[in-house]
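Undergrad: Sharing a model that was predicted from the sequence below.
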Amino acid sequence: MPERNPRVTALGSRRVANGTLALAALTVISIAAALWLPALPQPLGYHDFADHRAWFGIANFLDVASNLAFALAGAAGLVVALRARTRFELPIERLPYAIFFSGMLLTAGGSAFYHLAPDNARLFWDRLPMTIAFTSLLAAQVSDRISVRAGLALLVPMLIVGAGSVVYWRVTENAGAGNVVPYAVLQAYAGLALALLVWLLPSRYTRGGDVWWVLAGYAVAKVGEQFDRQMLELGHVVSGHSFKHVAAGGAGLAVCRMLALRAPASGAARD
């Protein structure tokens, strides 16, 4: 085995330390925001999506059917994550990716169920699997870029926090004083934390930059969500929300493609 250059090793350790510090700072700020920002109930107007067209006897057809993008990404990703020839230095590294793609599959079902008759009760089943997806992806990137041990140690706590933010929102709604802020902060935190990790820390695998495509898909999905009615009015073909589902599914497929094409980069694993 070739001897490592101590200067390169020290530089890599310093980058990991700086990246970890930045992630810790973002975590503290996000916790403070979730705890101290004023409570905000879920606006009931959120459920009034632009496209109410019913096709084949299915209400809100395109908002329902566009969830096939999540199902395709989840199913393809599970196949790639679990197949033997997909490159992982340690078998346990498959776990957060398998959970991520399982979350995509569950999101397909939960979101389709919600869009058949949108209301707060059904929105719970849309949001819960989404937290599974984005928290497990974050844990996977911690594993790839900081250490496998750290990523796996964070996986279950992050899944619990994600689910807890949605349960908390629903409980507060039922109590008549809804607060969606912790869920919104967690969603923003996951996106910013992923961006920090990709920007500051190289992956132990090739194609680590593909995560930028994931973040781009997420950003495009949020734009579609914000311009739901305006996109439908452009040509009365597809609404922004239906487009959001396709873009977010595309982000999942970008993760699938990354795993299918990547290989361990030079250097030893950080365990």
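TA: Good, I have the coordinates.

Undergrad: and the gap between the residue most central in space within the chain and residue 127?
TA: Nearest to the mean C-alpha position of the chain, by C-alpha atoms, centre = their mean, lies residue 134 at 2.5 Å. Using C-beta to C-beta, to the nearest Å, we find residue 134 at a distance of 11 Å from residue 127. Glycine gets a C-beta too; all of them are placed from N, C-alpha and C.

Undergrad: do residue 241 as well
TA: For residue 241, the distance to residue 127 (C-beta to C-beta) stands at 15 Å.

Undergrad: what's the neighbour count on the residue nearest to residue 37 when sequence neighbours are not counted?
TA: Excluding the flanking residues, the one nearest residue 37 by C-beta to C-beta, 6 or more residues apart in numbering is residue 181, at 5.0 Å. Neighbour count for residue 181, taken as other C-beta atoms under 10 Å: 21.

Undergrad: Residue 181 and residue 34 touch, don't they?
TA: Yes - at 6.3 Å, residue 181 and residue 34 qualify as touching, with contact defined as C-beta atoms under 8 Å.

Undergrad: The residue nearest to residue 207 when sequence neighbours are not counted - how many residues pack around it?
TA: Computed as C-beta to C-beta, 6+ apart, the closest residue to residue 207 that is not its neighbour in sequence is residue 262, at 4.1 Å. Burial measure for residue 262: 19 neighbouring residues, criterion other C-beta under 10 Å.

Undergrad: What of residue 246?
TA: 20.

Undergrad: I'd like to know which elements the strand or helix carrying it is packed against.
TA: According to DSSP states H and E, residue 246 maps onto helix 240-261. Here helix 240-261 touches helix 61-65, helix 68-82, helix 94-116, helix 211-226, helix 228-235, going by 3 or more C-beta pairs under 8 Å, 6 or more residues apart in numbering; DSSP states H and E.

Undergrad: most packed of the ones you listed?
TA: Comparing these on average neighbours per residue, with mean count of other C-beta atoms under 10 Å, the densest one is helix 94-116 at a mean of 23.

Undergrad: Distance from the chain centre to that helix, please.
TA: 10 Å (C-alpha atoms, centre = their mean, to the nearest Å).

Undergrad: Just the angle for whichever helix or strand comes after it relative to helix 68-82, thanks.
TA: Helices and strands here follow DSSP H and E; after helix 94-116, the next one along the chain is helix 120-145. With axes from the mean of the first three to the mean of the last three C-alpha atoms, to 10 degrees as the basis, helix 120-145 and helix 68-82 are set at 30 degrees to each other.

Undergrad: any idea whether residue 178 is helix, strand or coil?
TA: Residue 178 falls in the coil class when you classify it by DSSP: H, G, I helix; E, B strand; the rest coil.

Undergrad: wait, it sits on residue 41?
TA: Yes - between residue 178 and residue 41 there is a contact under C-beta under 8 Å: 3.3 Å.

Undergrad: Give me the pLDDT value at residue 97.
TA: pLDDT recorded at residue 97 is 98.

Undergrad: sorry, back to before: which positions within the helix holding residue 246 qualify as buried?
TA: Within helix 240-261, the residues that qualify as buried are 240-260, counting by 16 or more other C-beta atoms under 10 Å.

Undergrad: Stretch 162-180 too?
TA: By 16+ other C-beta under 10 Å, the buried positions in stretch 162-180 come out as 162-163, 165-170, 172-173, 178-180.

Undergrad: For residue 25, which of the helices and strands packed on helix 240-261 is the nearest?
TA: For residue 25, the closest of the helices and strands packed on helix 240-261 is helix 211-226, at 19.5 Å, according to C-beta to C-beta.

Undergrad: where does the residue nearest to residue 259 when sequence neighbours are not counted land on pLDDT?
TA: Excluding its sequence neighbours, the residue lying closest to residue 259 (C-beta to C-beta, 6+ apart) is residue 80, at 5.1 Å. Per-residue pLDDT puts residue 80 at 98.
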